[in-house]
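Q: just to be clear, the model below is a prediction. Sequence and coordinates:
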Amino acid sequence: MTASDDYKAGVSYFGNRIPEHFVQRDLPDIVSHGCTYIVHTFSENDLQHYAGAMKAMVAATHAARLEAWLDPWGVGGVFGGEAYSNFVVRNPDALQVKRDGITAPMACINSLKFSEYMRGWVDAAAETGTDVVFWDEPHLYPGSEAGLINADWACCCAVCEEMFRAKYGMPMPAILTPEVVEFREATLVGFLSKMCAYVKIQLMRNAVCLMPFDDDVHGIVHWEKVAEIPGLDILGVSPFWQFFKQDRDAFVGRFAEKVVALAKMFGIESQVWLQAFLVPSGTEAELATAAEKARQAGVDNIAAWGFRGCDYMSSLRCEQPEEVWRVIGEVFRGLR
């Protein structure tokens, strides 16, 4: 793997909200593994109960000469993450509505309530002193496991229905027409544009990580519409080959090349995430192979989800987390 003086390598960090433990044990471990930044998850629970602890952990990250990123982990059910959303529970009038009239467990991103909530989240992120806001896999309701079907897509709430009528001069169709697909994408891109602009006002940078799909299931079809958002600094992707049951080289290579091409086109930074969760025993070396594939594509920035192979989270734990973490260290130190 080619070394670089300006390489960037990061890891996600979650589960611990005791600053002393982070400073004394986990932070030195992260530094020794060659990381240059940490993506701290900042869930709704963190926002409500651990804002002070998060500020202390961001300060410690900076003291170790690493960048700090904050991730709206699971917020509103709109962003990636296993964290539960209190907003969804408390605001049934601000949720996405499926075509069959049943609400989905996700905030409607056209809802004024959710936009206000997210601005409050950004304000709190700025208070911690973080460098980057990491917009983690923003998506609309993805429908059934088989993909979107005519009665299983969103959002068809009153707000979205009215916005669709105003844009297209007709009621929102009951099926997924090209206009509906376009409207869903415009909804996500418009939301991200507003959030990125608000982050810039707070003098932070923006990173968006897209899920490894470019169909109409999760909302973003034309990735260039995200890449060209004013105020976007980093465009990433999470081609978790084992999780999505894909061929490693083809999957990682395709999406690494995609973000690199778009990043070059719009003068921003490219990022690829490595799967360091739910890694089966005996396949740990695949992380190094995937990282090399990303580097061959010209990616600027490589990150791993998550710290210590998610050893501490039962639902995401690798079968051999120590070995996964060892491989990550070799990869990241090799980037130097």
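A: Yes, it's here. Residues are numbered from 1 along each chain as shown.

Q: separation between Gly306 and Gly190?
A: Relative to Gly190, Gly306 is positioned 30 Å away (CB to CB, to the nearest Å). In short, each C-beta sits where N, CA and C put it, glycine included.

Q: make that Phe22, sorry
A: From Phe22 to Gly190 the distance is 36 Å (CB to CB).

Q: more neighbours: which of the two?
A: Phe22 (21 against 15; other CB atoms under 10 Å).

Q: what's the pLDDT at Glu44?
A: We have a pLDDT of 98 for Glu44.

Q: please apply the same query to Val259.
A: For Val259, pLDDT reads 98.

Q: could you pull up phi and psi at it?
A: phi -70, psi -30 (degrees, to the nearest 10).

Q: in contact with the closest residue to it other than its chain neighbours, which residues are there?
A: Counting by CB to CB, 6 or more residues apart in numbering, the nearest residue to Val259 once its immediate chain neighbours are dropped is Ser270, at 4.5 Å. Counting by CB atoms under 8 Å, 6 or more residues apart in numbering, Ser270 touches 234-236, 256, 259-260, 262-264, 298-301.

Q: of those, keep whichever come out buried.
A: Ile234, Leu235, Gly236, Ala256, Val259, Val260, Leu262, Ala263, Val299, Asp300, Asn301 (16 or more other CB atoms under 10 Å).

Q: now render those residues as TSV, adding secondary structure and distance to Met118.
A: Below are the buried ones among the contacts of Ser270 laid out as TSV (DSSP: H, G, I helix; E, B strand; the rest coil; distance: CB to CB, whole Å):
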residue	secondary structure	distance to Met118
Ile234	strand	19
Leu235	strand	20
Gly236	strand	19
Ala256	helix	29
Val259	helix	24
Val260	helix	29
Leu262	helix	24
Ala263	helix	25
Val299	coil	28
Asp300	coil	27
Asn301	strand	24
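
Q: mind putting those into JSON lines with distance to Ser32?
A: As requested, the buried ones among the contacts of Ser270 are exported to JSON lines (distance: CB to CB, whole Å):
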{"residue": "Ile234", "distance to Ser32": "25"}
{"residue": "Leu235", "distance to Ser32": "29"}
{"residue": "Gly236", "distance to Ser32": "24"}
{"residue": "Ala256", "distance to Ser32": "26"}
{"residue": "Val259", "distance to Ser32": "28"}
{"residue": "Val260", "distance to Ser32": "29"}
{"residue": "Leu262", "distance to Ser32": "33"}
{"residue": "Ala263", "distance to Ser32": "29"}
{"residue": "Val299", "distance to Ser32": "23"}
{"residue": "Asp300", "distance to Ser32": "23"}
{"residue": "Asn301", "distance to Ser32": "20"}
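
Q: helices or strands next to the helix or strand hosting Ala186 in the packing?
A: Using DSSP states H and E, Ala186 maps to helix 178-201. Helices and strands touching helix 178-201, by 3 or more CB pairs under 8 Å, 6 or more residues apart in numbering; DSSP states H and E, are helix 112-128, strand 132-136, helix 158-168, strand 205-210, helix 224-227.

Q: how about these, which one is nearest Ser32?
A: Among these, strand 132-136 comes nearest to Ser32, with 22.3 Å by CB to CB.

Q: pull up the pairing partners for the closest one, direction included.
A: strand 67-71 (parallel), strand 205-210 (parallel) (DSSP bridges).

Q: quick check, the residue nearest to Val259 in a strand?
A: Yes: secondary structure of Ser270 (DSSP: H, G, I helix; E, B strand; the rest coil): part of a strand.

Q: can you pull up the bridge partners for it?
A: Leu235.

Q: residues near Leu112, how many?
A: Considering only other CB under 10 Å, Leu112 is surrounded by 10 other residues.

Q: 42 is where my numbering starts, stick with that
A: Yep, numbering from 42; the last one is Leu153 now.

Q: what about it, distance to Arg160?
A: Taken as CB to CB, the span from Leu153 to Arg160 is 11 Å.
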